[in-house]
Each structure stands twice: as structure tokens, then as C-alpha cells.
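Participant: Here's my sequence, what's the structure:
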Amino acid sequence: MNTIDIQGFRIINNSAGSWEILDSFGAFLATYFPVFLALFLMLKWFQKRADSSYRVMLLVSIIAFILSELLAKLVGQLYSHVKPFAALPNVHQLIEKEAGNSFPSDHTVLIFSFMIVLFLHTKTASRYLYLLAAVLASVSRIFVGVHYPSDVLAGASIAVVTGSVCYYLLKDSVSLRKVVAYVGRIEGKIVRRK
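Facilitator: Predicted coordinates for the structure are as follows:
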């Protein structure tokens, strides 16, 4: 582990333990952000029934996540290190985790895979909120003591590159539009039966 990575970790992680509200917020983000992201995406899926391009974008984000996660697992096989709380003394560990491989951050891969596609698809200024949320949720993993900055940067890099490529290659996919139309027909039949 290089000195710069450890110093970056210390700067962020040493902020923990001073304010209970900040610790609670950081632990909440580090633990539950993926749950809220999943709920948000499901809500958007049903809310945007008439917007096939938005629904295609949601499918693209799922594909981007799957590919990013596979790539991250491969990278993790080529290079690994244990989580900071298992390797360094005096770490503020705010959530429970096993002391396995820390590189790259799976949470960061998950979050950035979806957020970069949402960012690229959205044309209003609100698009920057997706990136802000991704950065905050990812940095929270350092704050709570379970990842180094390099873990987060590697996870974000993998997800941003993969997500961007997927978005530009698949956003106009005829096959994905057919999937969206087919699912829409099934949803229509279900709604009519009720």
C-alpha cells in the first residue's frame, strides 16, 4: 500500500469519531445507499411507463453494472489488498465488514455504473446531483473505514468507462426498445386485469 493512499485514507477516516451525526450519516450512506438507489430506479421504471428512451436507459444502466462488476472482479483477481481496518491501526470502523479484498470497491462500482448512465441521459442541470450522490456515497466507504481512496477511484473509473461505453453503444438499441415495448405490453395487461 503506498503512502499517498494511506494518507488520503487517514484524512477522510480521521474525520469520523468527532460528530455523532456525521458518523451516523456516513454509516447510513455507506450501508444503505444501494437500497435507496434500487428503490429510486424501480420508482422511475414505473413512473416513466410512457417514456421508452428512459426505460431503455435504465436497462443500459443494468447492463453497465453487470459488465462493470465482472471487470472489477477480474481486476480484483489481478491485484488485491485487505481492507484498511484489518491492515492499519487506529481506524474508525463505523460498519461491520469482513476483512477480505478491498480492491476495487464493489459499492462504488455499483453506484457509479448507474449514476454515470443517469448523468449522460439527463439533459438538465439536475444531472450533476447524480454525480454528487455517487461521490458522497463512495467517499462514505472511506469515511467508515472499509476502503482506501484507490479502491474507490478504481471502482469509479471502471464504472464510468464501462457505463459510458454501454450508454453510447446501447442508448439507441433496437433490441432494448423491443424489450421495453414487450414489458410495457405485459404491464398493460396486468393493469387492465385489476
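Participant: Report pLDDT for the residue nearest the centre of the chain.
Facilitator: Centroid check for the chain by Cα atoms, centre = their mean gives I111 as the closest residue, at 0.8 Å. For I111, the model assigns a pLDDT of 96.
Participant: Verify the contact between it and A134 for me.
Facilitator: Yes - the pair I111 / A134 is scored as a contact, 4.9 Å apart, by Cβ atoms under 8 Å. In this view, the C-beta of every residue, glycine as well, is placed from N, C-alpha and C.
Participant: what's the helix or strand for the residue nearest to the centre of the chain?
Facilitator: helix 106-121 (DSSP states H and E).
Participant: just checking, next helix/strand downstream of that helix?
Facilitator: Under the assignment DSSP H and E, the closest C-terminal helix or strand after helix 106-121 is helix 127-143.
Participant: Need the CA coordinates for the helix or strand bottoming out on mean pLDDT in the chain. CSV is fine.
Facilitator: Least confident element among the helices and strands of the chain, by mean pLDDT, DSSP states H and E: helix 174-193 (a mean of 85). Extracted in CSV, the C-alpha atoms of helix 174-193 (Å, rounded to 0.1, in the frame of the first residue of the first chain):
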residue,chain,number,x,y,z
VAL,A,174,-33.5,-1.6,-31.3
SER,A,175,-33.3,-4.8,-29.3
LEU,A,176,-33.6,-2.9,-26.0
ARG,A,177,-36.5,-0.9,-27.4
LYS,A,178,-38.2,-4.2,-28.3
VAL,A,179,-37.7,-5.5,-24.7
VAL,A,180,-39.1,-2.3,-23.3
ALA,A,181,-42.2,-2.5,-25.6
TYR,A,182,-42.7,-6.2,-24.7
VAL,A,183,-42.5,-5.5,-21.0
GLY,A,184,-44.9,-2.5,-21.5
ARG,A,185,-47.5,-4.8,-23.1
ILE,A,186,-47.2,-7.2,-20.2
GLU,A,187,-47.7,-4.4,-17.7
GLY,A,188,-50.6,-3.1,-19.7
LYS,A,189,-52.4,-6.5,-19.5
ILE,A,190,-51.7,-6.7,-15.8
VAL,A,191,-53.1,-3.2,-15.2
ARG,A,192,-56.2,-3.9,-17.3
ARG,A,193,-57.0,-7.1,-15.2
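Participant: Quick check: buried residues in it?
Facilitator: L176, V180 (16 or more other Cβ atoms under 10 Å).
Participant: Cool, thanks, talk later.
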